[in-house]
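> I'll drop the sequence and a predicted model, then ask my questions.
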Amino acid sequence: MTPFGQKVRELRLQKGVTQRELAKALGVSPPYLSTLERGKRGRPSWALVQKIITYFGAIWDDAEEIEELARLSHPKVTIDTSQLSAAATETANRLGDVIKRLEDDDLKEVLKLLDKLLARR
């Protein structure tokens, strides 16, 4: 599952609509919406993200959160470290090697650490 797919599912369930109803309102097929929610599709288009924001009536921070989650929801990530340090290349490769073995709580700790490090910059 991707962060965007999880958010769409959460919003859909809060509103009490089925995948079929939401898909029809967005102009996509129910199977496409299902794969998007489950993270089996790549990043959604900007236009679809805007339709979702409009459908759920998201404004300001909520709309920005949906856009950011869509941006962060590409399930197959490629990291180009060719112009970066050896430490950057090692970090990217080690994360790629171990990410499947980490629990959600571990991953949340990694995200907190990244946020903390970036806040210092």
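That came through fine. Numbering: from 1, shown residues only.
> residue furthest from the geometric center of the chain?
residue 86 (27.9 Å; C-alpha atoms, centre = their mean).
> Quickly note the distance from that one to residue 62.
Using C-beta to C-beta, to the nearest Å, one gets 41 Å for the distance from residue 86 to residue 62. C-betas here are computed from N, CA, C, even on glycine.
> For residue 121, give me the pLDDT.
Note for residue 121: predicted pLDDT of 85.
> where along the protein do the helices fall?
For the chain, the helices defined by DSSP state H cover 3-15, 19-26, 30-37, 46-56, 60-71, 86-98, 104-119.
> Now tabulate those in JSON lines and tack on distance to residue 80.
Shown next, in JSON lines, are the helices of the chain (distance: least, C-beta to C-beta, whole Å):
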{"stretch": "helix 3-15", "distance to residue 80": "22"}
{"stretch": "helix 19-26", "distance to residue 80": "33"}
{"stretch": "helix 30-37", "distance to residue 80": "26"}
{"stretch": "helix 46-56", "distance to residue 80": "23"}
{"stretch": "helix 60-71", "distance to residue 80": "17"}
{"stretch": "helix 86-98", "distance to residue 80": "9"}
{"stretch": "helix 104-119", "distance to residue 80": "18"}
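> Out of these, the one nearest residue 78 is which?
helix 86-98 (9.8 Å; C-beta to C-beta).
> Which residues does the closest one contact?
With C-beta atoms under 8 Å, 6 or more residues apart in numbering as the test, helix 86-98 has contacts from 79, 81, 110.
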